[in-house]
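Undergrad: What follows is a predicted protein model with its sequence.
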Amino acid sequence: MDQNEKLALQKIACKTRMGAIIGTFHAKSGHPGGSLSSAEIFTYLYFKEMNVFPKDSKNPNRDRFVLSKGHCCPGLYAVLAQKGYFAFEELERLRHIGAILQGHPDMKGTPGIDMSTGSLGQGVSAACGMAKNAKMDGLDYRVYALCGDGECEEGQVWESAMFAAHHNLDNLCYIIDCNGLQIDGTVAEIGGIEPLDKKFEGFGFEVIKIDGHNFDEIEEAFKKAKQIKGKPTVIIAKTVKGKGVSFMEDKVDWHGVAPNKEQFETAMAELNAQMAALEGGNA
Amino acid sequence: MSEIITKATRESFGMALCDLAASNKDIVVLDADLAAATKTSIFRSKYPDRFINCGISECNMMGIAAGLASCGKIPFAASFAMFATGRAYEQIRNSIAYPALNVKIAGSHAGISTGEDGATHQCCEDIALMRTLPGMVVLNPADHFEMIEAVKASIAHNGPVYLRLGRLAIDSFNDPATYKFELGKGIQLHDGNDITVIASGLVVNEALKAVRELEAQGINARLINIHTIKPIDKEIIVKAAKETGHIVTVEEHNIIGGLGDAVCAVTSELCPVPVTKIGVNDQFGFSGPAKELLELFGLCKENIAKIVAGIVAK
């Protein structure tokens, strides 16, 4: 990837992290950890990969994105705001009464949200339905669904995987954000989802494993996914939960807890320093 | 009176769906390996490219339907009432009802008339489950002609609909020449001012036979058919409560959460009168021939007439 382009994406990802921190701080609740681990994936999808129309958000030919791990919407909202779907300031009203930004994605109330999600395991099925619709009608849009590694403990994820492969949905790409942590502890000690790559291979997917914070690897993976014909692709992205805010990194406690004022200021100072470094061109 | 058509409402549903699909290209049908039983097989044989067999995975099927609806399709997702509304309840709630997606859920083999398969397959809780979902329309058609019109109405309505289908072949009683289906409107089938019987679904014809027999005994019972359990026709219920003073509800469903409770919710608020519920008395069914089970559970004209006569005699 071109260095200037990478720098631009890194800035968007940094601002995405700020949005997730601002949103959860003002909401006094929400899920910063997984929002931060998905920041590069959200950024790449909306600023490089997907064909979307912020001023015509329901355009039938748009690519679709389903946040199956719906609780990580503060990060998604921050990217949608930067893309122009709504004002960035809306994040300050996240989870407030009457706000357009609900605690979990609401396709009826929030511009740019393609599917209401929040109950784990359900978004991937809806994504399959959208991809099947394109196949039935001969449309060429693509569908992306972001799923948590803990979410893979839900049986419906595997029902959807069987469906996607059986129906040859090569216009469908799952991304698994493998940050390794879920509410009660590590995914390894609770869920036993491994070997995730072998499972998806067995279910008929093309499997690509990447570092989910590395834009070069993200780009390569999405480019490869587009070339795969006759079967769906899954990108297994290794990430760090809480990435970008040192005291949140790899800490299970930051799954669903908002920063207090002091923590908010510390986090924003860190992110502002990262942004300043990016703006200086020496990331 | 036109000729009597003896048909299970699941079959009337399958036929209507296939007929109506010709003029509406957005209609697609999903099933979970029960097409032969839900009768979506009729649609499948004519429109294989618009039929999606999701396999034995009802939860995933509801999500697929939601995704298709978000792209403008009108998906009918069919399974047994037990698995559609029970197993996939939360998928229906969060992926279909909450975003108000235009999915029609068809639950076949509803009630104890499912028969020999027994309690695991005799769903008497589906109406209760679907009624609690904001925005969900709940339809329980009573015969062949009513089912055809209900399928039409569900397509015309933009939003989620639950359609209850039965396995047992039943006689029609409506006259297609004069029959009119209006979503949310009850239909008075028999006039009378001594008492009111309100019935829904498969048992409406039994209730009709019962009130006719009661008439011969000098008891004038009003009979109302409620095909739309939600939104329910408050007006026709309040009028009946005011004019007759006692209501008997008849349903092939648990007396908790079904038609009886829906009627009570109206009367208790707008015109309190005694309501006697005939239905499945908060119990599970068991194996046996459908007609014998219906009699054992009191969902037959004899029991309806006996209970109504007993109330009027007091």
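TA: Right, received. Where do you want to start?

Undergrad: all helices of the stretch 151-300 of chain B, in order?
TA: B:204-216, B:234-244, B:259-270, B:290-296 (DSSP state H, counting those that start in this stretch).

Undergrad: could these be laid out in TSV, adding mean neighbour count, distance to chain A and mean pLDDT?
TA: The way it works is simple: take the backbone N, C-alpha and C, and place the C-beta from them, glycine included. Putting the helices of the stretch 151-300 of chain B into TSV (neighbours: other C-beta atoms under 10 Å in any protein chain shown; distance: least, C-beta to the nearest C-beta, whole Å; pLDDT from 0 to 100) gives the following:
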stretch	mean neighbour count	distance to chain A	mean pLDDT
helix B:204-216	21	35	98
helix B:234-244	18	27	98
helix B:259-270	19	27	98
helix B:290-296	17	32	98
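
Undergrad: A:Leu196 is nearest to which of these?
TA: With respect to A:Leu196, and counting by C-beta to C-beta, the nearest of these is helix B:259-270 at 46.2 Å.

Undergrad: Determine the angle, from 0 to 180 degrees, between that closest one and helix B:234-244.
TA: 80 degrees (axes from the mean of the first three to the mean of the last three C-alpha atoms, to 10 degrees).

Undergrad: neighbouring contacts of helix B:259-270?
TA: B:127-128, B:131, B:140, B:198-200, B:226, B:229-230, B:232, B:234, B:237-238, B:241, B:247, B:249-251, B:253, B:255, B:273, B:275, B:277, B:279 (C-beta atoms under 8 Å, 6 or more residues apart in numbering or on different chains).

Undergrad: Could you rerun that using 7 Å?
TA: B:131, B:198, B:200, B:226, B:229, B:232, B:234, B:237-238, B:241, B:247, B:249, B:251, B:253, B:273, B:275, B:277, B:279 (C-beta atoms under 7 Å, 6 or more residues apart in numbering or on different chains).

Undergrad: repeat for stretch A:6-25
TA: A:30, A:32, A:35-36, A:39-40, A:42-44, A:47-48, A:74-75, A:77-79, A:81-82, A:88, A:91-92, A:94, A:215, A:244-245, A:258-259, A:264, A:267-268, A:271, A:274-275, A:278, A:281, A:283.

Undergrad: What's the PyMOL line that selects buried ones from these?
TA: PyMOL command restricting the contacts of stretch A:6-25 to the buried ones, with burial defined by 16 or more other C-beta atoms under 10 Å in any protein chain shown:
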select buried, chain A and resi 30+32+35+36+39+40+42+43+44+47+48+74+75+77+78+79+81+82+88+91+92+94+215+244+245+258+259+264+267+268+271+274+275+278
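
Undergrad: since we're on A:Asn214, how many residues are nearby?
TA: Neighbour count for A:Asn214, taken as other C-beta atoms under 10 Å in any protein chain shown: 16.

Undergrad: That one - nearest residue in space that isn't next to it in sequence?
TA: A:Glu40 (7.6 Å; C-beta to C-beta, 6 or more residues apart in numbering or on different chains).

Undergrad: I'd guessed that neighbour sits against A:Asp216; true?
TA: No. Assessed by C-beta atoms under 7 Å, A:Glu40 is found out of contact with A:Asp216, at 10.8 Å.

Undergrad: ok, back up a step: okay if I get the helices of the stretch 151-300 of chain B as JSON lines plus distance to B:Gly166?
TA: JSON lines is the format used below for these (distance: least, C-beta to C-beta, whole Å):
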{"stretch": "helix B:204-216", "distance to B:Gly166": "11"}
{"stretch": "helix B:234-244", "distance to B:Gly166": "23"}
{"stretch": "helix B:259-270", "distance to B:Gly166": "15"}
{"stretch": "helix B:290-296", "distance to B:Gly166": "9"}
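
Undergrad: Which among the ones you listed is found nearest to A:Gln122?
TA: helix B:259-270 (28.5 Å).

Undergrad: centre of the chain versus the closest one, how much separation?
TA: 18 Å (C-alpha atoms, centre = their mean, to the nearest Å).

Undergrad: Over to stretch B:106-126?
TA: 12 Å.

Undergrad: Contacts made by it with the rest, please.
TA: B:10, B:13, B:37-38, B:76-82, B:84-86, B:162-168, B:202, B:252-254, B:257, B:280, B:284-290, B:293-294, B:297.
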